[in-house]
Every structure is written in C-alpha cells, then in structure tokens.
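Visitor: when you get a sec, could you give me coordinates for this:
(one chain, ligands or ions: 1)
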Amino acid sequence: MPEQVDLFVIGAGSGGVRAARIASGYGARVMVAEEYRVGGTCVIRGCVPKKLLVYASRFSKDFEDAAGYGWTVPEPTFDWPTLIANKDREIARLEAAYTSTLERAKVAVVKSRAVIEDPHTVRLLATGETVRAKTILIATGGSPHAGAQIAGLEHVISSNEAFDLKELPKRILIQGGGYIAVEFAGIFNGLGSEVTLVYRGDNILRGFDDDIRAHLRSEMEKRGIKIVTRQTVTDVEKVDHGLCVGLSDHESFTVDKVMFATGRRPLIAGLGLEAAGVRLADTGGIAVDAFSQTSVPNIYAVGDVTNRINLTPVAIREGHAFADSVFGNKPTPIDHADVATAVFSEPEVGVVGLSETEARARLARVDIYKTVFRPMKATLAGRDTRTFMKLVVDGSNDRLVGCHMVGPDAGEIIQIVAIAVKMKATKADFDLTMAVHPTAAEELVTMRERASTWAREAAE
Ligand code: NDP
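Guide: Got it, this is the predicted structure:
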C-alpha cells in the first residue's frame, strides 16, 4: 500500500509542532495526531501558564515594596478564579494560534490518540483508521510521576491539576525539590498560601551548583516557605478540615492541598513501540542518536519522550533539526552542550554551563568568582533579600565555563551570558566589557577578586 503521508507526527507539543511545520515547508505531506490539546505541556499546562502564575504571585511583594517608594496602596485583595479564568483565556488563544500555524503550513491535524502498528502504519484510535507513513516522529512528551504508591495518593495533585484548582489553598504541602516544586512553592507563597516543601535529599535543586542551592533555599525561607529536608511523604489522609500528611520522621502536617512534583516520565505506554521494534534507553526514554533517529530507521523521536534534556527550547531545536536532516537535506546533529536554563522560583535562578563541582571533576584548575549584594530596588523597599552571582572559570585557559545566578531577572540575564559561554568567552573578555550602570548584570563584568582557586594537583 502506498504511503499517504511523508511524515506522521505523534504529539502536537513544542517539538512535534516545530518538526511538522518545518517538514511541511520542505514539501513533505505531514499529519499530526494529538489526543489532548494542541500546544503540549509547555503551552497548556507547563511553562506558559506557570509563568503567568509567577507574574501574579510577585505582585504581593511589589505592593509591599511600593510603600518605601512613597506609594500608599490600599490593602490589596487577590481573586484566584479571576487569575485562572484569564490564564485559561490566554492558553485558549495560544492553542488556537498553534492550530492555525499548523493549518497555514498545510499540516493535517487529527484529534486522536495514535498507536504505531508497524514501522510504516499508525492507527488513529478516534476513528479506527490507519495511516501509512514514510517517516514517523514520536513527540509525546512526558507526564507527572508520583513516585511511591503511598496510602491516600488519590488525594494528591500534580502540576496538571494545580493550574485548575477551584480555589487557592490556604495551606499546601509540596513534595519534591526540583524545578516544579520550587516554582510552585514560590507561586503559592506569593499568592498568600502557607507553603511547606518536603524534599527527600539534603537540599533542593540537586544537580545545580551548591551555592545556588543554598542561596535559593535561604531566600525561600526568608519569604516564609517552610522547607523540610531528608523526609518523604508516607501517607495522606482526609480529615475534617483538610488533609493530614504523614512524613517519614512521623511528623505530620494538616493542609488543604498536597502536590507532588516528583519528576516526570516519558509518555511511552501504549504507543506500540515494542511492536515496531523501537528500543528504550536506560533513562526510560526512547533511545535516539544525535539526529533523533531511533533503533527503527524511519522512526524518530524528539523532546521529553527521549529524556535527554527536558526543556521546551531543546525539544523545539530537536524537532527543527530532525526536519532539516530528514526533509531538508541538511543533516543537523543536536548540540546539547551548555544549555542555559532558568528556574522561575522566587527569586529566579539562571544557570549555564558547569557547576563548580562539575568543573572540578573535569578540569585541572578552576577559578571561582562570586558576589552577593542587595538588589537596588530592595534598598528603599527595606526588603531583606540578596542576589547571588558566580562565575566558574577554567583556570588553564581563562574560559568562562559556568555562570550561576539567583536574583530578579536571572532568566533574562542568563540567556545573554549563554551566548558568551557558547562563544568560548574568557574571563578577560568579561573584564574588558564596559558595565551598564546601575544594573544587577553589571556585576558579571566587574568581579575582579577571585573567591577561590582549585587545582587538581594540589587537591590530590
Ligand atoms: P525534577 O526532576 O526537576 O525534580 C523531581 C524532584 O522530585 C527531585 O527533587 C527528586 O529528588 C524528587 N523525587 C523524585 N522521585 C521521588 C520520590 N519517589 N519521592 C520523593 N521525592 C522524589 O522534576 P520536576 O517534576 O520538578 O520537573 C520535571 C522536569 O520538567 C524538570 O526536570 C525540567 O526538565 C522540566 N521543567 C523545567 C522548567 C523550567 O525550565 N523552568 C519548569 C518545570 C519543569 P532527587 O533530587 O533526590 O532525585
């Protein structure tokens, strides 16, 4: 039977939509299947609505800070249903924009779950039809994973539900110490909830630079977030006025909502991967090479379902590179080095490159530059908060190999620093760059005093 499409994409999220659009631009006949909403996690229940909630949460501090600048602000009140309704309207607008972008690109969109029957056949469960495809792209993303099967798990929500709660919880307990846990802790804290964060390890944001972890934790605690470490949630019980949450040290908390942000898993169940012969990697994601090709030559996979670096811009780049490679005759491997990232906690974290620990593991000599200062806006506001910045430099050639920051606009600042890191800028290049005054980012080019030097030779 002849192929009906050149490319069948499973999943209309960030990676799938980009791949479909670019492949179609190269003249491919493209069909995309999406079982939920066009836009995927990032647009529908991830980055975008999260950032809107982050903006909402920061107003409480702004209202307080305004007093130091001479403003008299009447006691502000906050209405959660208004925020959620406005957020929903914006997400619906974006979903429509994504759909029309696909339509303009002449990509056929089908609202259905799709299952791979063999390397060239996909079944659409909504209608039972099958579609023959030359190439299949799996871009199904991931979904929240609750971890251990504890008693009362049915009372626990994930980030999916957090976006649509009917009311703002007065008290919320969040389990996890990663991106989602610290971001939602900041959101709920800023909106006025009493927040307890429970994390199983020594400190939040494992894998990030240790100074960043310590600094963010102390800033979160200053804002009134209770952080409980080395504990896990053992059970959740419905009680008269909320939920009683038991921890591994037998302490318990009564709260209105319990949210687990204990990681996400690739969405691979029921996709027909085994039947098609698509192999998985040890990470649980679909195994792919640098061109996102799976163990089956005409099946590719991009984004969180491959569990490489689970970030939207990475999925988009992977989808684009796949389309260039397979349909544009431009073989484009993906460069996953020095991907900058931001955590939209309060305050924000921005990171690119190696942490100090990673640099010590890889390099012979590591120079560290650090600064801690009170952001200017906090002075008149009288707010007790500090910004932290750190440069990690390869001592053998002066190259900047890492930049880490906690403070307002860290996400915006780190994007630009990432260009310098990618271009292999040296600390001397930073020193040569004139400061923009008065800004926070100027500290990045005015750090003269080395905080420490580590040399493998001396350490061994
Ligand atoms: P993360 O992997 O970032 O964090 C998961 C957290 O849950 C870790 O602290 C982990 O602990 C803990 N954990 C895992 N399993 C258990 C368990 N069984 N019991 C108790 N704790 C557990 O996942 P998130 O869910 O926060 O986010 C998923 C991914 O989404 C992120 O990794 C990121 O790639 C992406 N994301 C990116 C954002 C951004 O760019 N701003 C925002 C939100 C998400 P431990 O550290 O000990 O393993």
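Visitor: got the residues of the stretch 201-350 of the chain near the ligand?
Guide: Counting by C-beta under 6 Å from any ligand atom, the stretch 201-350 of the chain comes close to the ligand at 201, 206, 232, 261-264, 310-311, 341-344. In short, each C-beta sits where N, CA and C put it, glycine included.
Visitor: give me phi/psi at the residue in the chain positioned nearest to the ligand?
Guide: Of all residues in the chain, residue 178 sits closest to the ligand, with a separation of 2.0 Å (C-beta to the nearest ligand atom). When read as degrees, to the nearest 10, the backbone of residue 178 gives phi -100, psi -160.
Visitor: excluding covalently adjacent residues, which one is nearest to the residue nearest the centre of the chain?
Guide: In the chain, the C-alpha closest to the average C-alpha coordinate belongs to residue 311, at a distance of 5.3 Å (C-alpha atoms, centre = their mean). Nearest-residue entry for residue 311: residue 341, 6.2 Å, with adjacent residues in sequence omitted and distances by C-beta to C-beta, 6 or more residues apart in numbering.
Visitor: what about the nearest residue to residue 433 once chain neighbours are set aside, distance to residue 48?
Guide: Excluding its sequence neighbours, the residue lying closest to residue 433 (C-beta to C-beta, 6+ apart) is residue 445, at 4.5 Å. Here residue 445 is placed at a distance of 32 Å from residue 48 (C-beta to C-beta, to the nearest Å).
Visitor: try residue 207
Guide: Applying C-beta to C-beta, the value for residue 207 to residue 48 is 24 Å.
Visitor: how about residue 219?
Guide: Separation of residue 219 from residue 48 (C-beta to C-beta): 25 Å.
Visitor: of those two, who's got more company?
Guide: Of the pair residue 219 and residue 48, residue 219 is the one with more neighbours under other C-beta atoms under 10 Å, namely 22 against 18.
Visitor: quick one, grab the pLDDT at the more buried one.
Guide: With respect to pLDDT, residue 219 has a value of 98.
Visitor: surely it is in contact with residue 347?
Guide: Yes - Residue 219 sits in contact with residue 347 when judged by C-beta atoms under 8 Å, with a separation of 5.6 Å.
Visitor: give me the common contacts of the two.
Guide: Residues touching both residue 219 and residue 347 comprise 385, 406, with contact defined as C-beta atoms under 8 Å, 6 or more residues apart in numbering.
Visitor: give me the pLDDT value at the residue nearest to residue 170 when sequence neighbours are not counted.
Guide: When the adjacent residues along the chain are set aside, residue 170 lies closest to residue 256, with 5.4 Å between them (C-beta to C-beta, 6+ apart). Per-residue pLDDT puts residue 256 at 98.
Visitor: who are the contact partners of residue 256?
Guide: For residue 256, the contact set (C-beta under 8 Å, 6+ apart) comprises 169, 170, 171, 172, 242, 243.
Visitor: now the fourth one, what's its secondary structure?
Guide: Three-state secondary structure (criterion: DSSP: H, G, I helix; E, B strand; the rest coil) places residue 172 in strand.
Visitor: thinking again about what came up before, and the two most separated of the residues of the stretch 201-350 of the chain next to the ligand?
Guide: Across those, the longest distance by C-beta to C-beta is 27.3 Å; it joins 232 and 342.
Visitor: next up, phi/psi of residue 227, please.
Guide: Here is the backbone geometry of residue 227 (degrees, to the nearest 10): phi -110, psi 120.
Visitor: same question for residue 354.
Guide: Residue 354 has phi and psi values of phi -80, psi 140 when expressed as degrees, to the nearest 10.
Visitor: so it touches residue 368, yeah?
Guide: No - using C-beta under 8 Å, residue 354 makes no contact with residue 368, being 11.3 Å away.
Visitor: what do these two both touch?
Guide: Common neighbours of residue 354 and residue 368, using C-beta under 8 Å, 6+ apart, are residue 392.
Visitor: coming back round to it: what about residue 232 and residue 342, which has more around it?
Guide: It is residue 342, of residue 232 and residue 342, that has more neighbours when counted by other C-beta under 10 Å, with 22 against 17.
Visitor: is it true that that one touches residue 349?
Guide: Yes - using C-beta under 8 Å, residue 342 is in contact with residue 349, at 6.5 Å.
Visitor: any stretches of the protein with poor pLDDT?
Guide: Counting by pLDDT under 70, the low-confidence segments of the chain come to 1-2.
Visitor: just how off-centre is the host helix or strand of residue 429 within its chain?
Guide: Under the criterion DSSP states H and E, the helix or strand holding residue 429 is helix 427-432. Relative to its parent chain, helix 427-432 has a centroid offset of 30 Å by C-alpha atoms, centre = their mean, to the nearest Å.
Visitor: buried stuff in it?
Guide: Along helix 427-432, these residues count as buried under the neighbour rule (16 or more other C-beta atoms under 10 Å): 427, 430.
Visitor: please export the C-alpha coordinates of the strand or helix carrying residue 401 as CSV.
Guide: Secondary-structure element containing residue 401, defined by DSSP H and E: strand 399-406. Output of strand 399-406 as CSV, limited to C-alpha atoms (Å, rounded to 0.1, in the frame of the first residue of the first chain):
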residue,chain,number,x,y,z
ARG,A,399,37.5,30.4,29.6
LEU,A,400,34.2,31.0,31.3
VAL,A,401,32.7,27.5,31.7
GLY,A,402,29.8,28.3,34.0
CYS,A,403,27.6,31.2,35.2
HIS,A,404,25.1,30.8,38.0
MET,A,405,22.7,33.4,39.4
VAL,A,406,19.9,33.8,41.9
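Visitor: report whether it contacts the ligand.
Guide: No - judged by C-beta under 6 Å from any ligand atom, strand 399-406 and the ligand are separated, with a smallest distance of 13.8 Å.
Visitor: and that strand, what does it pack against?
Guide: helix 210-222, strand 349-353, helix 356-362, strand 387-394, helix 410-422, helix 427-432 (3 or more C-beta pairs under 8 Å, 6 or more residues apart in numbering; DSSP states H and E).
Visitor: residue 96: which of the ones you listed is closest?
Guide: It is, among the helices and strands packed on strand 399-406 and with distance given as C-beta to C-beta, helix 410-422, at 26.6 Å.
Visitor: the inter-axis angle of the host helix or strand of residue 64 versus helix 410-422?
Guide: Secondary-structure assignment from DSSP H and E places residue 64 in helix 47-66. Taking axes from the mean of the first three to the mean of the last three C-alpha atoms, to 10 degrees, one finds that helix 47-66 is oriented at 120 degrees with respect to helix 410-422.
Visitor: pull the residues that contact helix 47-66.
Guide: Outside helix 47-66, the residues within contact range by C-beta under 8 Å, 6+ apart are 41-42, 73, 76, 78, 83, 86-87, 90-91, 94, 159, 163, 183, 186-192, 312, 344, 346, 377-378, 381, 383.
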